[in-house]
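Enquirer: just to be clear, the model below is a prediction. Sequence and coordinates:
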Amino acid sequence: MATQSLSLTASLTLTLLDNNDNVVFSYSPTFTVNSGTTDRNALTSGELLVATGGTQANLAAHNKDLIYTFVKNVDGDYPVAVNPDGDTIADLKPNECMFSPVHIDGAGDGSANLDLAATTAAQKVQFLICDGQDTGISSDD
């Protein structure tokens, strides 16, 4: 069987300056993943309509130990909460986005979903999921 291969690098430089242009804070995270998979999808993207009761992006085909996740709330009115493994890691206001490495099954309960919840009305989100390396810390190993 052929091995799917994907390399993804995301980087950002965030610098906060005061009114005299002095650097108050600077942060430059970089995440790189080289994923080689045989039985999983390395990359998934799409759009979901997030319900007020919650909606799940099923990630059963991905590595639950580590995925790199980009989620954007494309709605212009209401926020959307991003809840992997039941913990809210982002409350995206209208048109906001987030990028983060995420461990989907941190509680060891077999979770294979990225849960999204709209607080008021149904909201549309766009997402991109990229497999990270298997860290060997999943409870289903």
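Expert: Received, thanks.

Enquirer: averaged pLDDT, stretch 65-74. What do you get?
Expert: The predicted model gives stretch 65-74 an average pLDDT of 85.

Enquirer: neighbours of residue 86, how many?
Expert: 11 (other CB atoms under 10 Å). Any C-beta I mention is one placed from the backbone N, CA and C, and that applies to glycine too.

Enquirer: just confirm it contacts residue 117, I think it does.
Expert: No. Between residue 86 and residue 117 there is no contact under CB atoms under 8 Å: 10.9 Å.

Enquirer: identify the contacts common to the two.
Expert: The overlap between the contact sets of residue 86 and residue 117 (CB atoms under 8 Å, 6 or more residues apart in numbering) is empty.

Enquirer: give me the phi and psi for residue 81.
Expert: Main-chain torsions, residue 81, degrees, to the nearest 10: phi -90, psi 140.

Enquirer: so what's it closest to, chain neighbours aside?
Expert: residue 117 (4.6 Å; CB to CB, 6 or more residues apart in numbering).

Enquirer: may I have the beta-bridge partners of the closest residue to residue 96 other than its chain neighbours?
Expert: Nearest residue to residue 96, sequence neighbours excluded (CB to CB, 6+ apart): residue 73, at 5.6 Å. Here residue 73 sits in beta bridges with residue 125, going by DSSP bridges.
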